[in-house]
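Visitor: what's the 3D shape of this:
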Amino acid sequence: MTREPTASIGRWPLTMYSSSHLSGNSPSETQPVLEAGSYREENLTRRTISGLGWSLGAQILRQSAQFLIAVLLARLLSPSEFGLVAMVVVFSGFASLFNDLGFGPALIQRQDIEERHYSSVFWVNLGFGIAIAALLAGASPLIARFYKQPRLIAVTMLISLCFPINSLGLVQKAKFTRQMDFRSLGLVDVGNVVVSGLVAGFLAWRGFGVWSLVAQMLSLAIGEVVGLWLLSDWRPRALLDRSAIRDLFGFSSNLTGFTAINYWYRNGDNLLVGKFFGSVALGVYSRAYNLMLLPLSQITYVVSKVMFPALSRMQSDKARVRDVYLRSIAMIALVTFPLMLGLLVVADHFIIAIYGSAWSGVIPILRVYCILGMAQSVYSTVGWIFQSQGRTDWMFRWGLFSAVVSIAAMALGVWLGSPMAIAICLTAIGLLLLPPGFGIPGRLIGITLRDIARSLSSVTGCAAIMAVSVWVLGLCLPRGWSNLVFLSVEVPFGAAIYTLLVHLFQLPAYLEFREILMRQLAHPVLPARCSNGT
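Guide: You can find the predicted model right below:
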């Protein structure tokens, strides 16, 4: 799940970014304004497809690097060391929600943006970043006392430095997203992951333990800011306009409220597992949860970065928003559903072969969370509707209700006495919340639960057939094979079966994905460099 102007795609003057526009000249003098009608719509379509292409391509590289780094660090570090950082991240992650204050998405969603908005947001967020760092560093003894881990004092103080660093790149990131320049964002993201991973890997190899993970977080923050400033021509002016902040605050405050509540839905279980079951249990549990989040964070999130600004541009054309939304979630499910069901079937071979036998406790928790991960990969997209339609107030209210229910489910899992019980309770409540979770935002654009089910049914069927086929194959393979050999046979077999099914049945999501890929290859759109333009 985890941003009020109303202008339709048919009458809003979308513009192409030209060199004269980037130099700061007015659009009326030098910038060709697109004529109303199909050409303007085609331009937005092409830029959306281009954005998806760059974002997905960058994410594939990013995830490949991240996965290799995670495997390396898992081999060099213990679950306890990962658990120590996870304990701090529960609090630092919550604090990071207020570092942005929802102004980044507000800059993207609002159609009339001026320099006073950009500069004012920059200085406000920098001030909040410094304040949050001071508060988190001051709270470090309390965090260490809560978990009974004295080492957390120094860990927390170092991690707190990320906040003022991250705030320095907020506006540049929003401008790149607003201009749908996902090529620049992708370059920064991929390079940053690789460099920070090399730093962490080297320090872990040299025996620095938990400090290698802290260094990875700090280098991620520094690298992103450096990359954004190098690629962007925009620089903040000495300008702080209260009216500019008020223009954005209604949208941003509700969004910040929602993300704060949703955060505890996403991370309250880490807090409870660390408190009641210890750092080793938390290291195992968080590994399972993070693997469940892979489709959400690596696929849905990537598509969301493009679809939010795209849907914001067509926000008044409800029929078109509805159509684009249903087609988008079907294409997300085309990838995430087979990934999650396939991982559920091969979880034992995957964990032992990739992470080692020390992480075998991840397997049963991961299998439960694969079901939740499949649902969450499409359910989280309802935020596109709330935010693009400017109804973050609805988003906040629904988030409050669902978070209260989910936290109660976590408490029940603690009472039942194990991290596995928490996973079962959260999965059950997550599935129960799906109908109202889709139905409430669906009212904004005329989508029903039947529309959602129809959009996802064929993909679900193909993914289920693939998973059953892989399970049957696993029963037939020799028991004496190693986990890695099992995995090397099961994964290609599952991929082949699923590809054959979607092609044989000519699934609409598959056909559309193929068409988008061909259009992007035939007509690539190169984005403009971020500048002082809006």
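Visitor: quickly list the domain ranges of this protein.
Guide: Residue ranges for each domain of the chain read 61-240, 278-523, as given by automatic domain parsing.
Visitor: so which of those comes closest to D269?
Guide: domain 278-523 (5.1 Å; CB to CB). (Glycine included, C-beta is placed from N, CA and C.)
Visitor: what mean pLDDT would you report for that closest one?
Guide: Taken as a whole, domain 278-523 has a mean pLDDT of 86.
Visitor: hmm, back to that, I'd like the domains of the chain written out as JSON lines, with mean neighbour count and distance to F258 added.
Guide: What follows is the domains of the chain, written out as JSON lines (neighbours: other CB atoms under 10 Å; distance: least, CB to CB, whole Å):
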{"stretch": "domain 61-240", "mean neighbour count": "20", "distance to F258": "9"}
{"stretch": "domain 278-523", "mean neighbour count": "19", "distance to F258": "4"}
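Visitor: need those domains in TSV (columns: distance to G268).
Guide: Converted to TSV, these look like this (distance: least, CB to CB, whole Å):
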stretch	distance to G268
domain 61-240	8
domain 278-523	5
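Visitor: among these, which is nearest N267?
Guide: Across the domains of the chain, closest to N267 is domain 61-240 (CB to CB), at 5.3 Å.
Visitor: in the stretch 201-350 of the chain, which spans are helices?
Guide: Taking DSSP state H, counting those that start in this stretch as the test, the helices found in the stretch 201-350 of the chain are 210-231, 242-292, 294-295, 301-313, 318-355.
Visitor: do you know how far V121 is from Q172?
Guide: 11 Å (CB to CB, to the nearest Å).
Visitor: I figured F146 hits L272, correct?
Guide: No: between F146 and L272 no contact is recorded; they are 11.8 Å apart, counting by CB atoms under 8 Å.
Visitor: quick one: contacts for A423?
Guide: Contacts for A423 (CB atoms under 8 Å, 6 or more residues apart in numbering) come out as Y285, A288, Y289, I365, V368, Y369, G413.
Visitor: separation between F208 and V194?
Guide: Spatial separation of F208 from V194 under the definition CB to CB is 19 Å.
Visitor: my bad, I447
Guide: In this structure, I447 and V194 are separated by 40 Å, where distance is defined by CB to CB.
Visitor: ok, G138 next?
Guide: Counting by CB to CB - G138 and V194 are separated by 34 Å.
Visitor: could you do G383 as well?
Guide: Counting by CB to CB, the separation of G383 from V194 is 29 Å.
Visitor: same question for G361.
Guide: Here the distance between G361 and V194 works out to 30 Å (CB to CB).
Visitor: likewise I385?
Guide: Computed with CB to CB, the distance linking I385 and V194 is 35 Å.
Visitor: what of M466?
Guide: Relative to V194, M466 is positioned 32 Å away (CB to CB).
Visitor: ok, back up a step: can I get the helices of the stretch 201-350 of the chain in JSON lines with distance to G437?
Guide: Conversion of the helices of the stretch 201-350 of the chain to JSON lines gives the following (distance: least, CB to CB, whole Å):
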{"stretch": "helix 210-231", "distance to G437": "31"}
{"stretch": "helix 242-292", "distance to G437": "12"}
{"stretch": "helix 294-295", "distance to G437": "17"}
{"stretch": "helix 301-313", "distance to G437": "16"}
{"stretch": "helix 318-355", "distance to G437": "13"}
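Visitor: for F202, find the nearest of these.
Guide: For the helices of the stretch 201-350 of the chain, distance to F202 was read as CB to CB. The smallest value, 7.9 Å, belongs to helix 210-231.
Visitor: need the residues that contact the closest one.
Guide: 73, 76-77, 81-82, 84-85, 151, 155, 158-159, 161-162, 165-166, 168-169, 172-173, 176, 184, 187-189, 191-193, 195-197, 199-204, 208, 529-530.
Visitor: now, which of those lie within helices?
Guide: 73, 76, 81-82, 84-85, 155, 158-159, 162, 165-166, 172-173, 176, 184, 187-189, 191-193, 195-197, 199-204 (DSSP state H).
Visitor: isn't E114 right up against R237?
Guide: No: contact criterion CB under 8 Å: E114 and R237 do not qualify, at 11.3 Å.
Visitor: quick one: the closest residue to A200 other than its chain neighbours from Y289, how far?
Guide: Counting by CB to CB, 6 or more residues apart in numbering, A200 lies nearest to Q216, which is 3.6 Å off, once chain neighbours are set aside. In this structure, Q216 and Y289 are separated by 19 Å, where distance is defined by CB to CB.
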